[in-house]
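Engineer: Show me the folded form of this:
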Amino acid sequence: MDAVPQPLTALSEEEKFFQATVRKFAREQIRPYVREMDEAAHFRPDIIKQFFEMGLMGIEIPEEYGGQGGTFFQAILAVEELSAVDPSAGVIVDVQNTICNNAVIKWGTPDQKKKYLPRLAENTVASYALSEAGSGSDAFAMATTAQDCGDHFLLNGRKLWITNAAEAGFFLLFANANPAAGYKGVTAFLVEREFPGFQVGKKEDKLGLRASSTCELLMDNCRVPRENVMGEIGKGYKIAIETLNEGRIAIGAQMIGLARGALDHAVAYAKERKQFGKPIGEFQGVQFELAKMAVEVEAARLLVYNAARLRDAGMPFLMEAAMAKYYSSEIAEKAASKSIEVHGGVGITKDYPVEKLYRDAKIGRIYEGTSNIQLVTIAKKLLGK
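Structural biologist: From the prediction side, this is the model:
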C-alpha cells in the first residue's frame, strides 16, 4: 500500500491504468535488482529491453513510427512510478522520451523522423549531449565545433556528464558551427554511435544514480552527414532551450517519485519498528514528521502535474516547469533525509533502501538547470523580463 493516496481523480481511466501498469512493473521487475545495479554501477540490459517491449521508450512517438502515440503527461507518470522504485530507471526513460524523442518529433525533418523514430521506439537508447567542462549553467559557452564541409560536418570537441551514453546508439548533440557568432552558431546534430570519429569515453563514478550511465563523449573529426542537421544551422540554442524546459518537468517527476518512495519506506518502518513497547508510528513526534513529508510530496506532485497538463494543452508552461523542478528537487532531498531519520541508525546502512534515495536526490538540484537557475527563471517571469 502507498503511504499517501494518489490524486487519481486528476487522471483519466486510461491514465490510471497506465500508471498502475508501470507501478506494478517497477515493483516486480526492477525492485529486486536495485541494490545490485547501484553497487555495480550498471543498469541491467534486460530491464532496458523490457522498457522497449512495454512501449516506455516511445511513449509520445506516433503509432505510424512504432510508438505508443501517448501524451507527455503519460511520460511524466512513467518517470514518477519508475523513480519511486529506482530513480536511475526513471532518468533513463526521462531522457529518452522528454528531451530526445520529443525533439525529433518536433524539429526533425520527415526523413529524419522516418529514419530514427522507429529505432527509438523499438530498440535504440537515446542520449542528449549538451554539457561540457566549461559550459554548465552557461550551456552555450560550448567549445565543441562543427566545420561545414559541404555534404557533411566535421565535429571536434568533448562532452561531459552525458546521461545514457554507455547504452545509447543515438545522440542529440550540440556543436557550434560558427563560434564567432556565439550562441547563434549552436547547431543540433543527430549522431549515431558508429559515425567515424565518435567515441564514448570515461564513465563517471558517481555519488547517486549510479546505475544510470554518465559518460564523456569524444569527437575527433566526427563525420556527420549534412542531412543529420536537425532544424536550421545556428538555431540549436532554440531547440536546446525548448527541450530542456520540457525535460525539467520530467526531472520534477523523477524527484516526486523519489520523495514518494522515501515516504513510503518511512511509513512502513514506522509501523514495524517498536520502541518502549509500541510501534514508533504511534509517537506524535514521528507522526508529525510523516504528515509534513506527505503534505510536501503532494504539493510537489501537483506542481509537476500542472506543468505537464499545461504542456499537453499547448499553453505556456515555462514558469510552472521551473517551479515544479525547483520545488520537487528540494522536497526530494528533504524527504529522503527525513526518511533516514525515521529509520534511525539502520537508515544509513545499505540494508535499507533509504540511504540510496538520499544519494540519488542530490543531483535533482543540479542537473537540467540548477535550483538557482530555476529561481532566476521564475523571477524573470514574475517581473515581466
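
Engineer: and Lys350, what does it touch?
Structural biologist: 35, 39, 356 (C-beta atoms under 8 Å, 6 or more residues apart in numbering). Every residue, glycine included, has its C-beta placed from N, CA and C.

Engineer: In three-state terms, label it for me.
Structural biologist: Judged by DSSP: H, G, I helix; E, B strand; the rest coil, the three-state class of Lys350 is coil.

Engineer: Quick check: the gap between it and Lys356.
Structural biologist: 8 Å (C-beta to C-beta, to the nearest Å).

Engineer: And for Val93?
Structural biologist: Taking C-beta to C-beta, one finds Val93 at 18 Å from Lys356.

Engineer: for Ala262, same thing?
Structural biologist: Distance from Ala262 to Lys356, by C-beta to C-beta: 10 Å.

Engineer: Count the neighbours of Ala146 for me.
Structural biologist: 27 (other C-beta atoms under 10 Å).

Engineer: A helix includes Gln68, no?
Structural biologist: No - Gln68: not assigned to a helix; according to three-state DSSP it is coil.

Engineer: which residues sit in contact with it?
Structural biologist: 55, 58-61, 74, 121.

Engineer: can the residues you listed go into TSV with extra columns for secondary structure and distance to Arg23?
Structural biologist: Shown next, in TSV, are the contacts of Gln68 (DSSP: H, G, I helix; E, B strand; the rest coil; distance: C-beta to C-beta, whole Å):
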residue	secondary structure	distance to Arg23
Gly55	coil	15
Gly58	coil	20
Ile59	coil	15
Glu60	coil	20
Ile61	coil	22
Gln74	helix	13
Ala121	helix	22
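
Engineer: With pLDDT as extra columns, can I get these in JSON lines?
Structural biologist: Shown next, in JSON lines, are the contacts of Gln68 (pLDDT from 0 to 100):
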{"residue": "Gly55", "pLDDT": "98"}
{"residue": "Gly58", "pLDDT": "98"}
{"residue": "Ile59", "pLDDT": "98"}
{"residue": "Glu60", "pLDDT": "98"}
{"residue": "Ile61", "pLDDT": "98"}
{"residue": "Gln74", "pLDDT": "98"}
{"residue": "Ala121", "pLDDT": "98"}
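
Engineer: By neighbours, which of the contacts of Lys350 wins?
Structural biologist: Lys356 (24 neighbours).

Engineer: In terms of helices and strands, where is that one?
Structural biologist: Element membership for Lys356 (DSSP states H and E) is helix 354-361.

Engineer: now do Phe174
Structural biologist: Assessed by DSSP H and E, Phe174 sits inside strand 170-176.

Engineer: Going by neighbour count, which residues in that strand are buried?
Structural biologist: Neighbour-count burial for strand 170-176 flags 170-176 (criterion: 16 or more other C-beta atoms under 10 Å).

Engineer: Now for the contacts of Gln68: which two are most distant?
Structural biologist: The distance between the two most remote of these (C-beta to C-beta) is 14.2 Å, for Gln74 and Ala121.

Engineer: any chance you could map the helices in the stretch 51-200 of the chain?
Structural biologist: 72-85, 87-94, 102-107, 110-122 (DSSP state H, counting those that start in this stretch).

Engineer: Mind naming the longest helix for the chain?
Structural biologist: The longest helix of the chain (DSSP state H) is helix 236-272.

Engineer: So what angle separates the directions of it and helix 354-361?
Structural biologist: 160 degrees (axes from the mean of the first three to the mean of the last three C-alpha atoms, to 10 degrees).

Engineer: quick thing: my sequence starts at 454, can you match it?
Structural biologist: Yes, from this point I'll number from 454; that puts the last item at helix 689-725.

Engineer: Now the element after helix 689-725, going C-ward?
Structural biologist: Helix 689-725 is succeeded, C-terminally, by strand 727-728 (DSSP H and E).

Engineer: circling back: which among the contacts of Gln521 end up buried?
Structural biologist: 508, 511-514, 527, 574.

Engineer: quick revisit: need the buried residues of strand 623-629 in a markdown table (columns: pLDDT and distance to Ala789).
Structural biologist: A markdown table is the format used below for the buried residues of strand 623-629 (pLDDT from 0 to 100; distance: C-beta to C-beta, whole Å):
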| residue | pLDDT | distance to Ala789 |
| --- | --- | --- |
| Phe623 | 98 | 32 |
| Phe624 | 98 | 31 |
| Leu625 | 98 | 30 |
| Leu626 | 98 | 33 |
| Phe627 | 98 | 32 |
| Ala628 | 98 | 37 |
| Asn629 | 97 | 38 |
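
Engineer: can you redo those residues as a markdown table with distance to Ser824?
Structural biologist: Converted to a markdown table, the buried residues of strand 623-629 look like this (distance: C-beta to C-beta, whole Å):
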| residue | distance to Ser824 |
| --- | --- |
| Phe623 | 30 |
| Phe624 | 27 |
| Leu625 | 25 |
| Leu626 | 26 |
| Phe627 | 23 |
| Ala628 | 28 |
| Asn629 | 28 |
